[in-house]
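*Asks:* I would like to see how this sequence folds:
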Amino acid sequence: MNRTYFTAPVSEEDITKWEEKNSITIPKSYKEWLKFTGNCEIDGTVAKFTKPADFRDSLDDDNMIVIGEIIGDGGTVCFSKKTGKIASFCDGFEDMKFADFDKVLQEVMRLMGKRSFGKEKKKRSYQTEKERINEIQKDIDRWRGELDGSEDDEWHLELIEYFEKVIENIKRTTKKDVIRSINMKDAFKTYFKKLKELDPSKKKSYKLQKVKWTREDLDKAPNFDTAYYNKVYFNTYFFEDMKGTWNDITLYIDGISESQSAMDTLRSAYKNGKEVFPDSEKLYIGKAIVGGKDGYGIYLDGHSRYGVKLYNKDTKEEIGFFYTLPEIIASMDLIKE
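*Replies:* Numbering: from 1, shown residues only. Take a look at the predicted model:
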């Protein structure tokens with residue numbers, strides 16, 4: 001198992017103080033969890049949950065309070081300020097509803113099972129593209145079956161339209177022989193090994209950064225959630241621009257200079273992202289050519305595990321990758337120029 005920790009429980013007094021201060025009732029099932037632990041991290045990037053002092057409003061729905069993240073599944077876990085109902089959000093949409101927090105923990109256990117490894121041979125950690133498409137299609141068919149002329153139809157039709165585009169993007173960005181579940185450090189090592197084979201003169205084009213993220217750094221960071229892979233990306237290596245292809249997509253990923261701190265580089269990426277997405281929180285990390293056409297930027301979504309997206313500011317076309325950034329870096333084919 002990867003890193004797991006549990007902090008001290010939260011007292012009844014602290015729970016009550018938060019509820020009274022915010023005029024919001026925490027779901028009973030989550031209060032029971034808080035009696036066991038305050039903040040926690042489960043199996044590395046699979047899930048984390050927070051104490052009331054660290055709750056925050058959801059960017060996906062103003063009526064929801066974020067209590068944690070199921071990072072392995074790309075979503076935040078929230079409860080409704082009005083009803084106390086628990087749900088998860090992914091890419092701006094509510095994608096799962098839970099009867100109580102026990103059901104959330106069952107989902108975490110399911111994700112941990114998908115990450116398990118056998119003694120002899122590594123098993124697949126995440127869904128194949130076919131499995132992912134089939135699962136989404138089942139949801140689409142279910143939502144179609146629930147169309148009954150009620151006020152919920154508008155919401156269901158939005159979900160259907162959105163996830164049909166998700167399927168299109170999965171098919172478009174599918175690549176065979178992807179290196180799955182690789183961490184950022186090893187992804188860079190894989191890339192640099194390919195680079196040296198392609199061009200031996202590049203052997204000194206990178207080195208490991210020594211700087212570590214501190215609480216002070218994060219307090220000074222832009223006001224957004226730095227997803228795990230994004231944070232590690234800005235704090236792993238100094239490197240020159242990376243170039244590679246992924247199906248019919250050519251990626252030019254901006255380098256990170258030794259003369260600029262990881263935090264300053266992150267701020268710059270955040271600022272450049274804001275120029276295109278003023279109402280969102282995405283980091284600009286490079287440019288892309290899709291089907292021979294340029295004009296696309298590469299962005300990291302600070303709230304999503306599968307947060308690599310291409311966006312054309314002229315056509316407004318958005319292409320989402322269903323791979324993590326390290327999986328893409330490790331698996332893309334290099335360009336010899």
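*Asks:* Any regions of the stretch 1-150 of the chain where pLDDT drops low?
*Replies:* Within the stretch 1-150 of the chain, the segments meeting pLDDT under 70 span 1-3, 71-74, 91-93, 95, 113-128.
*Asks:* gap between the helix or strand where Cys78 lies and the chain center?
*Replies:* Using DSSP states H and E, the element containing Cys78 is strand 75-80. How far strand 75-80 lies from its chain's middle: 14 Å, per Cα atoms, centre = their mean, to the nearest Å.
*Asks:* now stretch 186-203
*Replies:* 26 Å.
*Asks:* what's the answer for stretch 101-111, then?
*Replies:* Distance of stretch 101-111 from its chain centroid, counting by Cα atoms, centre = their mean, is 18 Å.
*Asks:* Now it: buried residues?
*Replies:* 101, 104-105, 107-108, 111 (16 or more other Cβ atoms under 10 Å). (Each C-beta comes from the backbone N, C-alpha and C, glycine too.)
*Asks:* Same check on stretch 47-67?
*Replies:* By neighbour count on 16+ other Cβ under 10 Å, the buried set for stretch 47-67 is 47-52, 55, 58-61, 64-67.
*Asks:* and which of those residues is nearest to Ala262?
*Replies:* Proximity of the buried residues of stretch 47-67 to Ala262 (Cβ to Cβ) peaks at Lys48, which lies at 21.7 Å.
*Asks:* tell me which element that closest one is part of?
*Replies:* Applying DSSP H and E, one finds Lys48 within strand 47-49.
*Asks:* which helices and strands sit right next to that strand?
*Replies:* Contact here means 3 or more Cβ pairs under 8 Å, 6 or more residues apart in numbering; DSSP states H and E; on that basis strand 47-49 packs against strand 40-42, strand 64-70.
*Asks:* who does the shortest one pair up with?
*Replies:* Translated: strand 40-42. Strand 40-42 has the following sheet partners, assigned by DSSP bridges: strand 5-6 (antiparallel), strand 47-49 (antiparallel).
*Asks:* So what touches stretch 316-326?
*Replies:* The contact list for stretch 316-326, computed with Cβ atoms under 8 Å, 6 or more residues apart in numbering, reads 91, 129, 132, 166, 169-170, 172-173, 175, 178, 182-184, 186-188, 229-230, 233, 246, 249, 290, 296, 300, 305-312, 328, 331.
*Asks:* Sort out which of those residues are in helices and list them.
*Replies:* In this view, the contacts of stretch 316-326 that belong to helices under DSSP state H are 129, 132, 166, 169-170, 172, 184, 186-188, 229-230, 233, 328, 331.
*Asks:* Report the buried members of those.
*Replies:* By 16+ other Cβ under 10 Å, the ones in helices among the contacts of stretch 316-326 give 129, 132, 166, 169-170, 172, 184, 187-188, 229-230, 233, 328, 331 as buried.
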